[in-house]
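# Here is the input, now give the coordinates:
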Amino acid sequence: MPSGAAVLNRQIVRSRVSVNGHIVCVVSESPLPAAPSLTLRHMVETHLAPAAPRVLTAHDRLDAAVSWVHSSEIFEIGPLLTGGELLLTTGLGLAGLDAGTRRHYVRDLAERGVAGLAFEVGRSFDAVPEEMIREGSAAHLPIIELTRIVPFIEVCRTANTEIVSEEVGDLRLRSGLDATLHDDLARGAAAAMIEHIAEVTGTPIVVVGSGGALLAVHGVNDDRAAWRVVDGAIAAQPITLRGREIGQVFAGQSASSIPAARVQALLGVGAGPLAAVLTRSGGRSSIGAQLVAELVDRRPLRRADLLARLSTSGLPVGDKAVLVPVAGHAPDTRMVETALSAATDLGGLVHATVDATVYGLVVTTDAGLTEPAEKVRAALADDPRRLGRLTVVVGTPCPLAGTGAGPGLALTLADELRICSERLGVAVELRSAGGTATDIRTSRELVSDAAARELSDGLRSELSRIIEPLVRQDATSSSQLVHTLEVHLTYGCSATRSAEALHIGRQSLYQRLDRIRALLGFDPTAPAMYASILLAINVFHSRAAHQR
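Got it, this is the predicted structure:
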């Protein structure tokens, strides 16, 4: 009787059904012995090779996993086997039995789930009995004829040592993954979980919700590739919580040599932590965070999948909804996250930190007199929790209504998030240069500043010469003439508002303006000069930022 218990895995059985217009897999499970990389083919080609083996039946079953290698001459060995074994015999226990009894022997082994029967010829039988070959073919039991005599005890010793080593390796692999995933769970890091499962299995990983929506992916470039992973998955595992299926995790095909059964076992390890992180407090934000991170990476998502993932993240995504992209920077990203939470009351928020920049999508509506981006800017600016040294740029609103079924909406959001990031760099430079104290800006406010950085060297030099006398004066004194002129033009040349913003009296403001006119030799507040002066100041700020 085999010593030692084989570690059991689960075998995946998949059928295809349509979910939301996509062909996906329905999963059921059945017992499968562990050490799945040690297949019958491997045993034949390695441990049985000295016996000059010939596979007589069921060639299509050679990739079955072998849980143990056992030798026995007992005719009624079947009840002592648990399935998955490779049984070695010389046929001694079958000698003198009739053909029907030998057929029953083969049939019983097949029904017990034995991986294969290796039959040594030359002692009890000159050849494997014909009736056993026919029964093996009918029962799909591989029968391997061993044409040379080899010590069975040596075959069992070397093969079972390898099986045990493989099982210990599998156990360590599963234990390591389990520990890593529980560390991820403590941080609520759903994206990290998916990445770690993908790394250990060496396969692309896709998580699909119970409603058929893509929830998370790793190792694929777009949603079409994700659905191809689902359709051609080599393993899948239901994600259940309190007996209710809330999703499935799929592993796709890859160049990795790791067997499907081992991938299946690793998915089983990941299913529990995934269920917890997808349903725990903050789980929704984890899904939303991965979505935002994928958009920052410009991953194309179909409109239906994008909206499903937003909805799963807790955001209302009706036809009247508008998505407003934002990007923020601070010494500590938690400062930005706290500031962005002020926009939650507008409809909802998802955000992610990518390379020290916090990106987000705010859901609001286009109803009322206030434009969506201005709604978000005002909500952030009016929040009393807003701290200093924090800069946020609010991007161009993206309405959901009227968008096509393809990846157009996702790509538009990706572009707007990129623009927010670029404008954020400009805003941080302006604030560092002392050009403005404003920390919540819209991207449209910064278009001219961004444009100033794209001008030719000739135009930048020409614009710089316009205010060069003021720059020289500021360099030799604390007059702040460039800043004074910028503020005065920004406030529409209103003396009261300009003086208030500069924290000086109106008389002091008038004195500075007179000094500015004298140094320039013309009136920079004349309507015809507005655009050129402001653009010249933008060029000045960009050069100052590059010189630091």
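
# Neighbours of Arg134, how many?
A count of neighbours around Arg134, defined by other Cβ atoms under 10 Å, yields 14. (C-beta placed from N, C-alpha, C; glycine too.)

# could I get the helix or strand in which it is found in PDB with only the CA atoms?
Assigned by DSSP states H and E, Arg134 belongs to helix 130-139. Output for helix 130-139, consisting of C-alpha atoms alone and laid out as PDB, is shown next (Å, rounded to 0.1, in the frame of the first residue of the first chain):
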ATOM      1  CA  GLU A 130      -4.700  -8.800 -25.500                       C
ATOM      2  CA  GLU A 131      -7.900  -8.500 -23.400                       C
ATOM      3  CA  MET A 132      -6.200  -6.200 -21.000                       C
ATOM      4  CA  ILE A 133      -5.100  -3.900 -23.800                       C
ATOM      5  CA  ARG A 134      -8.600  -3.800 -25.200                       C
ATOM      6  CA  GLU A 135     -10.100  -3.000 -21.800                       C
ATOM      7  CA  GLY A 136      -7.400  -0.400 -21.200                       C
ATOM      8  CA  SER A 137      -8.300   1.300 -24.400                       C
ATOM      9  CA  ALA A 138     -12.000   1.200 -23.600                       C
ATOM     10  CA  ALA A 139     -11.500   2.500 -20.100                       C
END
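
# What pairs with the helix or strand following that helix, parallel or antiparallel?
Toward the C-terminus, helix 130-139 is succeeded by strand 143-146 as the next helix or strand (DSSP H and E). For strand 143-146, sheet partners with direction are given as strand 53-55 (antiparallel), strand 116-120 (parallel), following DSSP bridges.

# tell me the most buried of those?
Stretch with highest mean neighbour count among the strands paired with strand 143-146: strand 116-120 (a mean of 27; mean count of other Cβ atoms under 10 Å).

# any idea of the mean pLDDT for that one?
The average of the pLDDT scores along strand 116-120 is 96.

# what's the helix or strand harbouring Leu489 packed up against?
Following DSSP H and E, one finds Leu489 within helix 481-490. For helix 481-490, the contact count by 3 or more Cβ pairs under 8 Å, 6 or more residues apart in numbering; DSSP states H and E identifies helix 468-476, helix 495-502, helix 506-520, helix 530-547 as packing neighbours.

# okay, that helix in PDB with CA atoms only?
Taking Å, rounded to 0.1, in the frame of the first residue of the first chain, the C-alpha atoms of helix 481-490 are listed here in PDB:
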ATOM      1  CA  LEU A 481       7.500  94.600  -9.900                       C
ATOM      2  CA  VAL A 482       6.900  91.500 -12.100                       C
ATOM      3  CA  HIS A 483       4.700  89.900  -9.500                       C
ATOM      4  CA  THR A 484       2.900  93.200  -8.900                       C
ATOM      5  CA  LEU A 485       2.200  93.600 -12.600                       C
ATOM      6  CA  GLU A 486       1.000  90.000 -12.900                       C
ATOM      7  CA  VAL A 487      -1.400  90.300 -10.000                       C
ATOM      8  CA  HIS A 488      -2.800  93.600 -11.300                       C
ATOM      9  CA  LEU A 489      -3.500  92.200 -14.700                       C
ATOM     10  CA  THR A 490      -4.900  89.000 -13.300                       C
END
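
# And the contacts of it?
Where contact means Cβ atoms under 8 Å, 6 or more residues apart in numbering, the residues beyond helix 481-490 that reach it are 434-435, 467, 470-471, 473-474, 498, 501-502, 509, 512-513, 515-516, 519, 524-525, 530, 533-534, 537, 540.

# what comes up buried for that helix?
481-490 (16 or more other Cβ atoms under 10 Å).

# Tell me the pLDDT of the nearest residue to Gly122 once chain neighbours are set aside.
Leaving aside its chain neighbours, Gly122 sits nearest to Ile149 (6.2 Å; criterion: Cβ to Cβ, 6 or more residues apart in numbering). At Ile149 the predicted local distance difference test score is 92.

# how close does Ile149 get to Ser124?
When Cβ to Cβ, to the nearest Å is the yardstick, Ile149 and Ser124 sit 12 Å from each other.

# can you check Gln473 too?
Relative to Ser124, Gln473 is positioned 111 Å away (Cβ to Cβ).

# on that earlier part again, would you tell me which one of the helices and strands packed on helix 481-490 is buried the most?
Mean neighbour count (mean count of other Cβ under 10 Å) peaks for helix 530-547 among the helices and strands packed on helix 481-490, with a mean of 18.

# CA-only coordinates of that helix in PDB, if you can.
As requested, the backbone C-alpha atoms of helix 530-547 are provided in PDB (Å, rounded to 0.1, in the frame of the first residue of the first chain):
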ATOM      1  CA  TYR A 530      -2.600  92.400 -21.900                       C
ATOM      2  CA  ALA A 531      -2.000  89.200 -23.800                       C
ATOM      3  CA  SER A 532       1.700  89.900 -24.600                       C
ATOM      4  CA  ILE A 533       2.500  91.000 -21.000                       C
ATOM      5  CA  LEU A 534       0.900  87.900 -19.400                       C
ATOM      6  CA  LEU A 535       2.600  85.600 -21.900                       C
ATOM      7  CA  ALA A 536       5.900  87.300 -21.200                       C
ATOM      8  CA  ILE A 537       5.400  86.800 -17.500                       C
ATOM      9  CA  ASN A 538       4.600  83.100 -18.200                       C
ATOM     10  CA  VAL A 539       7.900  82.700 -20.100                       C
ATOM     11  CA  PHE A 540       9.700  84.400 -17.100                       C
ATOM     12  CA  HIS A 541       8.200  81.900 -14.700                       C
ATOM     13  CA  SER A 542       9.200  78.900 -16.900                       C
ATOM     14  CA  ARG A 543      12.800  80.200 -17.200                       C
ATOM     15  CA  ALA A 544      13.000  80.800 -13.500                       C
ATOM     16  CA  ALA A 545      11.800  77.200 -12.900                       C
ATOM     17  CA  HIS A 546      14.400  75.700 -15.200                       C
ATOM     18  CA  GLN A 547      17.200  77.800 -13.600                       C
END
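
# quick one: that helix to chain centroid distance?
Averaging C-alpha positions (Cα atoms, centre = their mean, to the nearest Å) puts helix 530-547 41 Å from its chain's average.

# Residues contacting the helix holding Arg134, please?
Contacts of helix 130-139 with the rest of the structure, by Cβ under 8 Å, 6+ apart, involve 56-58, 99-100, 102-103, 105-107, 110-111, 117, 119, 141-143.

# Now that helix: buried residues?
Judged by neighbour count (16+ other Cβ under 10 Å), helix 130-139 contains these buried residues: 132-133, 135-137, 139.

# same thing with stretch 291-298?
For stretch 291-298, burial by neighbour count (16+ other Cβ under 10 Å) applies to 291-296, 298.

# now these as CSV including secondary structure, pLDDT and distance to Pro331?
Formatted as CSV, the entries for those read as follows, by DSSP: H, G, I helix; E, B strand; the rest coil; pLDDT from 0 to 100; distance: Cβ to Cβ, whole Å:
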residue, secondary structure, pLDDT, distance to Pro331
Leu291, helix, 89, 26
Val292, helix, 92, 21
Ala293, helix, 91, 21
Glu294, helix, 91, 26
Leu295, helix, 93, 25
Val296, helix, 93, 21
Arg298, coil, 91, 28
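
# Closest to Leu215 out of these?
Leu291 (9.0 Å; Cβ to Cβ).

# any idea which element the nearest residue to that closest one once chain neighbours are set aside lies in?
With sequence-adjacent residues excluded and distances taken as Cβ to Cβ, 6+ apart, Leu291 is closest to Arg309, at 4.9 Å. When secondary structure is defined using DSSP H and E, the element that contains Arg309 is helix 303-312.

# for the longest helix seen in the chain, packing partners?
In the chain, taking DSSP state H as the definition, the longest helix is helix 152-187. Packed against helix 152-187 by the contact rule (3+ Cβ pairs under 8 Å, 6+ apart) you find strand 68-71, strand 85-89, helix 190-201, helix 260-279.
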